[in-house]
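S.K.: sequence first, predicted model second:
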Amino acid sequence: MSKKVAQVIVDTLQSAGVKNCYGIVGDTLNTFATSLSKSDIKFVHMRHEEAGAYAAQGEALLMDRLTAVAGSCGPGSLHFINGLYEANRNRAPVILIASQVVRSELGFDFIQEVDFQHVFRGCSVFCEMILTPEQALRKTVMACQAAISKRGVAVLIVPVDIADSDAVSEPPYRVHVNRPVIRPSNEDLDKIADMLAEGTNITIYAGAGCVNAHDEVVELAERLKAPVAHTSRGKDQIEYDNPNNVGMTGVIGTESGYHAILNCDTLLLLGTDFAWRQFYPDHAKIIQVDIDSTHIGRRHPVDLGVVGNIKDTLQALLPRVAQREDAAFLNTYVERHKKALKAQAGRATPGPRGKIPGQYLTSIINRLANQDALFTADDGTPLVWMLRMVEANGKRRMFGSLLHGTMATSIGNAIGLQQAQPGRQVIALAGDGGFSMLLGDVLTTIQQKLPIKIAVYDNGKLGFVELEQKGEGLLPVYTDLVNPDFGKVAEAMGLWGRTVSKADELEGAVAEWLGQPGPALLNVKVEPMELVMPPHTAPENVYGMAMYSIKAVMHGKAGDVFEMISENI
């Protein structure tokens, strides 16, 4: 029996390093699925394709390797789209095998026909259809190569009659995964060194692009006596073993990181594309280093922008930078950061009348979790508390939807992380809204025997959205959630489940939950009135919260205002 085109695609994926493929089988995908079953690639059967895309990106980002998803024609592959937007924005090398109706019916509005090239163009670095069996190997190689080298999503559209066709002889195209050294020219490195030498109060702002460059960033900061602020996505890479660390900036950051950036006269941006212009300094000279040339000066004007991998660039820059001795500017913000961390720890305590604030729950999970645990969090307050309360140490990793800002990523990401590293502790911090949105894939943890630990922050509402509405001076609308007992739901689904509502029971429950050998869910009734306090309160936010308080009192909700004040102040 001759080899099918579907087998050519599978063989190429395997040669490109794919270990797992996430998705749901269906009519036009059946030949591909059969070929996959004969390979070393494992098919992870999901309950929803969107969660499968999150799982694939989690694995791709953790292992730094190409990971696959596959879907049937029409709705099957279409369900991946939100997760693929997430993966593409996070620069995760993921390939989608999007099976399609037969070629003879394309263009006739056939049942389940979707123009995938039009649909996926906005969330991919490559999107092409295999038109003939003679193109199968070359286009599959091109798709894999694009996902790996451009760091994003590649979409390979495969009509079912192509997948079923006999393969033909093609030249031996193959995927190359070599990593080049990318750094600025010597002339540009000299310019950076000169600008740094002229600066008096220098701050480094480091982002996710600093992956594998921790030691170089710390060494440069010590030479410059510069405080190092970091983005939320750069926390894993920069926070630990860094005596110059002054925390995050932005809405969910600390006041030390916020002021260290605003008060410097020279700002060195390393691998960050931080979006919010109001958190950049007005009068400092700004140097930006980024692997993506389109990021240079995109968020705020810069005085010098260069393209380079951060590790490669700093290794070439360090010999050009002299050691400084004056540490006054650095010490100011390091001490300020210590005070901020102490105040933050002081807030992570049981609430009045035995209530459980979300940051208190997260502080206990942080303390009892393994030192190499992998954390995922749903967008909203679980993500905020993870970034504030979970300590980075060089072994732990944290994942959240920080660029796409979508709900319901935590369990999907966790599935991919656990599938990639079966022996590692994986903890998903889920909001009640996000958890219920893709609830079905809790069943995937059972079917695939993945011992993921899920904590549900059950406050009965879309908490972060409600905070946004209050900050705009509005009474909250459409944010309330009527939830079941998620602990009992978990038990009914076949995994360990428990619900906790009293602070004095929490630590024992967390220890028992983390100690379960299989998948386990801890549903925690967290304080619904807990506020996320930003590092700097703008006048419009103060005004907005005041207007909310006045409106709430006038509408007979004075109790909500007093409860909010008592819980947070």
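M.R.: Arrived safely, thanks for sending.
S.K.: now do the same end-to-end measure for stretch 315-327.
M.R.: With C-alpha to C-alpha, to the nearest Å as the measure, stretch 315-327 spans 23 Å from end to end.
S.K.: run the chain-centre distance for it.
M.R.: Put simply, stretch 315-327 sits 33 Å off its chain's centre (C-alpha atoms, centre = their mean, to the nearest Å).
S.K.: show me which residues of it are buried.
M.R.: 315-317, 321, 324 (16 or more other C-beta atoms under 10 Å). C-beta here means a position set from N, CA and C on the backbone, and glycine is covered the same way.
S.K.: quickly list what the spatially most central residue of the chain is bridged to.
M.R.: Taking C-alpha atoms, centre = their mean as the criterion, Gly400 is the residue nearest the geometric centre of the chain, at 3.3 Å. When assigned by DSSP bridges, Gly400 has beta-bridge partners Ala377.
S.K.: so where's the chain uncertain?
M.R.: 1, 471, 531, 533-569 (pLDDT under 70).
S.K.: quick revisit: got a markdown table for the buried residues of stretch 315-327, with secondary structure too?
M.R.: Formatted as a markdown table, the buried residues of stretch 315-327 follow (DSSP: H, G, I helix; E, B strand; the rest coil):
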| residue | secondary structure |
| --- | --- |
| Gln315 | helix |
| Ala316 | helix |
| Leu317 | helix |
| Val321 | coil |
| Arg324 | coil |
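S.K.: list the contacts for the residue nearest to the centre of the chain?
M.R.: Neighbour list for Gly400: 232, 376-379, 383, 386-387, 409-410 [criterion: C-beta atoms under 8 Å, 6 or more residues apart in numbering].
S.K.: please check these and keep the buried ones.
M.R.: Among the contacts of Gly400, those classed as buried by 16+ other C-beta under 10 Å are 232, 376-379, 383, 386-387, 409-410.
S.K.: could you dump the buried residues of stretch 315-327 into a markdown table with distance to Val442 added?
M.R.: A markdown table is the format used below for the buried residues of stretch 315-327 (distance: C-beta to C-beta, whole Å):
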| residue | distance to Val442 |
| --- | --- |
| Gln315 | 45 |
| Ala316 | 48 |
| Leu317 | 47 |
| Val321 | 51 |
| Arg324 | 53 |
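S.K.: nearest to Asp485, of those residues?
M.R.: Nearest to Asp485 among the buried residues of stretch 315-327 is Gln315, at 54.5 Å by C-beta to C-beta.
S.K.: doesn't Glu216 make contact with that closest one?
M.R.: Yes. Look at Gln315 against Glu216 with C-beta atoms under 8 Å: they come within range, at 6.1 Å.
S.K.: leaving out the residues flanking it, which one is nearest to Ala348?
M.R.: Among residues not flanking Ala348 along the chain, Ser363 sits closest, at 3.9 Å (C-beta to C-beta, 6 or more residues apart in numbering).
S.K.: could you list the alpha-carbon positions for the one helix or strand the one you found maps to in CSV?
M.R.: Assigned by DSSP states H and E, Ser363 belongs to helix 358-368. The C-alpha trace of helix 358-368 is given here as CSV (Å, rounded to 0.1, in the frame of the first residue of the first chain):
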residue,chain,number,x,y,z
GLY,A,358,-7.9,36.0,47.0
GLN,A,359,-4.4,37.2,47.8
TYR,A,360,-4.4,35.2,51.0
LEU,A,361,-5.4,32.0,49.2
THR,A,362,-2.6,32.6,46.7
SER,A,363,0.0,33.3,49.4
ILE,A,364,-0.8,29.9,50.9
ILE,A,365,-0.6,28.1,47.5
ASN,A,366,2.7,29.9,46.9
ARG,A,367,4.1,28.7,50.2
LEU,A,368,3.0,25.1,49.9
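S.K.: ok, the residue nearest to the centre of the chain to Gly416 distance?
M.R.: 14 Å (C-beta to C-beta, to the nearest Å).
S.K.: repeat for Ser293
M.R.: Taking C-beta to C-beta as the measure, Ser293 falls 30 Å from Gly416.
S.K.: for Leu402, same thing?
M.R.: Per C-beta to C-beta, Leu402 is found 17 Å from Gly416.
S.K.: then Gly423?
M.R.: 15 Å.
S.K.: ok, the two, which is more surrounded?
M.R.: More crowded of Gly423 and Gly416, by other C-beta atoms under 10 Å: Gly416, with 32 against 7.
S.K.: please name the residues that touch the more buried one.
M.R.: 20, 22, 54-60, 62, 67.
S.K.: quick check: which element contains it?
M.R.: Here Gly416, judged by DSSP H and E, is contained in helix 410-420.
S.K.: what about the helix or strand just after that helix, distance to the chain center?
M.R.: Using DSSP H and E, the helix or strand that follows helix 410-420 towards the C-terminus is strand 426-431. Mean-position distance between strand 426-431 and its chain equals 13 Å (C-alpha atoms, centre = their mean).
S.K.: same question, stretch 407-416
M.R.: On C-alpha atoms, centre = their mean, the centre of stretch 407-416 falls 10 Å from the chain's centre.
S.K.: tell me where the stretch 251-400 of the chain has strands.
M.R.: Under the criterion DSSP state E, counting those that start in this stretch, strands of the stretch 251-400 of the chain are mapped to 266-270, 285-290, 304-307, 374-377, 397-400.
S.K.: go through these and pick out the most buried.
M.R.: Of all the strands of the stretch 251-400 of the chain, strand 374-377 has the most neighbours on average by mean count of other C-beta atoms under 10 Å, namely a mean of 29.
S.K.: list of residues touching that one?
M.R.: With C-beta under 8 Å, 6+ apart as the test, strand 374-377 has contacts from 58, 62, 369, 383, 385-387, 390, 396-400, 409-411, 413-414, 417-418, 421, 424-430.
S.K.: again, but for stretch 182-199
M.R.: Outside stretch 182-199, the residues touching it (C-beta under 8 Å, 6+ apart) are 202, 224, 264-266, 268, 285, 287, 289, 291, 303-304, 306-309, 312-313, 315-317, 320-322.
S.K.: before we move on, what about stretch 140-156?
M.R.: Contacts of stretch 140-156 (C-beta under 8 Å, 6+ apart): 8-9, 12-13, 16, 66, 84, 87-88, 91-98, 116-117, 120, 123-130, 139, 173-177.
S.K.: contacting residues for the residue nearest to Ala348?
M.R.: So Ser363 contacts 345, 348, 389 (C-beta under 8 Å, 6+ apart).
S.K.: by neighbours, which of the residues you listed wins?
M.R.: Met389 leads these on contacts (other C-beta under 10 Å) with 22 neighbours.
S.K.: name the helices or strands packed onto the helix or strand where Gly487 lies?
M.R.: Using DSSP H and E, Gly487 sits in helix 486-493. For helix 486-493, the elements it packs on are helix 442-447, strand 453-458, strand 496-500, strand 520-525, judged by 3 or more C-beta pairs under 8 Å, 6 or more residues apart in numbering; DSSP states H and E.
S.K.: please redo it, this time with the cut-off set to 10 Å
M.R.: Applying 3 or more C-beta pairs under 10 Å, 6 or more residues apart in numbering; DSSP states H and E, we find helix 486-493 packed against helix 432-437, helix 442-447, strand 453-458, strand 496-500, strand 520-525.
S.K.: okay, the ones you listed in a markdown table with distance to Gly74 next?
M.R.: Formatted as a markdown table, the helices and strands packed on helix 486-493 follow (distance: least, C-beta to C-beta, whole Å):
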| stretch | distance to Gly74 |
| --- | --- |
| helix 432-437 | 22 |
| helix 442-447 | 22 |
| strand 453-458 | 31 |
| strand 496-500 | 36 |
| strand 520-525 | 33 |
